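[1] Next input, structure requested:
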Amino acid sequence: MSLLFVGIDPNTGDKQSPTVWVDQDNQEFVFQGWKPSTELEAECAQFEVPGHAKGIPDGEAVVRIPAHMVSIIREACDALERANV
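    Got it, this is the predicted structure:
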């Protein structure tokens, strides 16, 4: 796996570190974030639309990323787009 570090929450403390990487080999975003509350995870598990059945499949997880990291997420989008050029 070829991970490209993009950024970490600029407001992070010593024990919290929401982080964004790009997996250049698989053309994917990799997020490290906070675990959701039981209530939030249950709400996500109940969400159902075409292509998204109820539940959270094995191998998937819900994570929380602070909204103020949007510029870091945009940078990750740009990195994936550059890799496809």
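[2] just for this structure, where's the confidence low?
    Residue ranges of the chain with pLDDT under 70: 1, 85.
[3] so residue 72 sits in a helix?
    Yes - with DSSP: H, G, I helix; E, B strand; the rest coil as the criterion, residue 72 is located in a helix.
[4] Nearest the middle, which residue of this protein would you pick?
    Nearest to the mean C-alpha position of the chain, by C-alpha atoms, centre = their mean, lies residue 31 at 3.4 Å.
[5] Helix, strand, or coil at that one?
    strand.
[6] The one 5 residues further on too?
    Here residue 36 is recorded as coil under three-state DSSP.
[7] Quick check: closest non-adjacent residue to it.
    Using C-beta to C-beta, 6 or more residues apart in numbering and skipping residues adjacent in sequence, the residue nearest residue 36 is residue 62, 4.8 Å away. In short, each C-beta sits where N, CA and C put it, glycine included.
[8] What about the one you found, how many residues nearby?
    Neighbours of residue 62 under the rule other C-beta atoms under 10 Å: 14.
[9] Point me to the helix or strand that includes it.
    Under DSSP states H and E, no helix or strand contains residue 62.
[10] contacting residues around it?
    Going by C-beta atoms under 8 Å, 6 or more residues apart in numbering, residue 62 touches 36, 40, 41, 44, 56.
[11] cutoff 7 Å now
    Contacts for residue 62 (C-beta atoms under 7 Å, 6 or more residues apart in numbering) come out as 36, 41, 44, 56.
[12] any idea how far the first one lies from residue 72?
    It refers to residue 36. Distance of residue 36 to residue 72, given as C-beta to C-beta, to the nearest Å: 20 Å.
[13] Check the second one too.
    Distance of residue 41 to residue 72, computed by C-beta to C-beta: 24 Å.
[14] Looking at those two, which one has more neighbours?
    Neighbours were counted for residue 41 and for residue 72 using other C-beta under 10 Å; residue 72 has more, 18 against 14.
[15] Now do the same contact list for that one.
    6, 7, 20.
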